[in-house]
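> based on what follows, work out the 3D shape:
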Amino acid sequence: MTSLITKIFLKDKDASTPSGREAYGRIAGIVGIICNLLLSVLKFIVGSVSNSVSITADAINNISDAGSSIVTLIGFRLSEKPADEDHPYGHARIEYITGLIISFLIIHIGFDILVDSFNKIIHPEDSIFSWVTVGILFGSIIVKLWLSSFNKKLAAAIKSKTLEATATDSRNDCISTAAVLFATIASHLWNINLDGFIGLGVAVLIIVSGINLVRETVGPLLGQAPSKEVYETIEHGILQYENVLGVHDLMVHSYGPGSYFASAHIEMDAKINVLVCHDIMDRIERDFKAKHNIHLVVHLDPTVLDCEETNELKDTVRSILFDIDPIITFHDFRVVMGENAKNVLFDVVVPPKYKYSDDDLVSLIKNRVNEAGNGNLYAVVLVDRSYGVLKSEE
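The predicted model follows:
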């Protein structure tokens, strides 16, 4: 069924483009609305007839899922809007906001079911058994399993956190409905009223699921670092261009799924004509926009390669940093002659959570460099915290 739907409605859609993402999200939303509304109507009927709070709770959960699908549909539609004066980086982050709304809806529904189930435990009422009810609940599990697989496949195609959240919610629905099905059969076979307890379990499961989804959707809104793969794609891609010696100070900002803005410093031989360097930088920026939809800005750092004294001092600094901690890397190495000492200027890169503070690390490095030069070397050090991939660009 999944292959048939994607073949009919998405065969000409490129998942990497904004319009393609919107098309995938639209189909996911429409399918979710149809399936969940159908299941909720059937469960409301059998829940009312059988006087079962757990089945009615499951029906309410399906209604919330239908509402979530509507939010998803609207979110994908709005996220496709191009950049404007008020939002120069586009509207792709709306997709994260819709995911957050879905998460809060799930939590709200979970608490409503929790209260109803608790009341049913305190004031139990007998439920009316029917094999039709069993059939509907079993069919609901099958539909939800397929819906979870369907959303997971679309989420993977467009790398959507919202559809991943929807797929997870559908999978959890299978578990809750299976519990309701078990309670219905157990009550009939062994005359045990588990209705309120199962409803309580379903409510807890829904609330926990909603909280987890909030965590997943809040991260990107707060500026969560892109995946390591994104950093490596940019770094390794830049290094493939001629005359590029190294990459550092790579910063990547996500403004929605598949919408990245980045900046990086690239090192080239200081002897290369500046116009040649500029042409290479222009090609890098154009290629990344065309191939990866990444808005990249690169900055040139000229590097002196043929100065023996500079290279010797660089080796000295390399040894000092390795002795302090092998994880430390450095870049932007320069030597400036002073009246009484040689000034070595460079940036060091350390992890975000490091054992030394910036001031302590700078002080340690300066002292070690000064000792190595017998008082004739003075270090000017800046500390970079690496939130991407630690990489030496010496």
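> can you show me the strands along the protein?
246-254, 260-269, 294-303, 329-337, 342-350, 377-385 (DSSP state E).
> spit out the contact partners of the residue lying closest to Met281 once chain neighbours are set aside.
Residue nearest to Met281 in three dimensions, not counting chain neighbours: Val298, with 5.0 Å by CB to CB, 6 or more residues apart in numbering. Using the backbone N, CA and C atoms, a C-beta is placed for each residue, glycine as well. Applying CB atoms under 8 Å, 6 or more residues apart in numbering, we find Val298 in contact with 238, 263-266, 281, 284-285.
> now the two most distant members of those residues.
Checked with CB to CB, the contacts of Val298 reach their widest spread between His265 and Glu285, with 13.5 Å between them.
> by neighbours, which of the contacts of Val298 wins?
When neighbours are counted by other CB atoms under 10 Å, Ile266 leads these with 25 neighbours.
> show me the contacts for Ile285.
One correction, residue 285 is Glu, not Ile. Contacts of Glu285 were listed using CB under 8 Å, 6+ apart, and they are 296-298.
> oh sorry, the question was meant for Ala379
Applying CB under 8 Å, 6+ apart to Ala379 gives the contacts 317, 343-346, 365-366, 369-370.
> with Ser259 instead?
By CB under 8 Å, 6+ apart, the residues touching Ser259 are 89-90, 92, 293.
> quick one: the residue nearest the centre of the chain from Asn343, how far?
Of all residues in the chain, the one closest to the mean position by CA atoms, centre = their mean is Pro220, 5.9 Å from it. Applying CB to CB, to the nearest Å, one obtains 42 Å for the distance of Pro220 from Asn343.
> quick one: low-confidence parts of the stretch 251-394 of the chain?
Counting by pLDDT under 70, the stretch 251-394 of the chain has low-confidence residues at 257-258, 387-394.
> again, only this time at 90
Within the stretch 251-394 of the chain, the stretches falling below the threshold (pLDDT under 90) are 251-260, 289-294, 303-310, 329, 331-332, 334-342, 351-355, 373-377, 384-394.
> repeat that for the stretch 101-250 of the chain.
Per-residue confidence for the stretch 101-250 of the chain (pLDDT under 90) gives these ranges: 101-134, 136, 155-233, 246, 248-250.
> related to what we said a few turns ago, could you export the strands of the chain as a markdown table, including distance to Asp12?
Conversion of those to a markdown table gives the following (distance: least, CB to CB, whole Å):
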| stretch | distance to Asp12 |
| --- | --- |
| strand 246-254 | 27 |
| strand 260-269 | 25 |
| strand 294-303 | 25 |
| strand 329-337 | 45 |
| strand 342-350 | 45 |
| strand 377-385 | 45 |
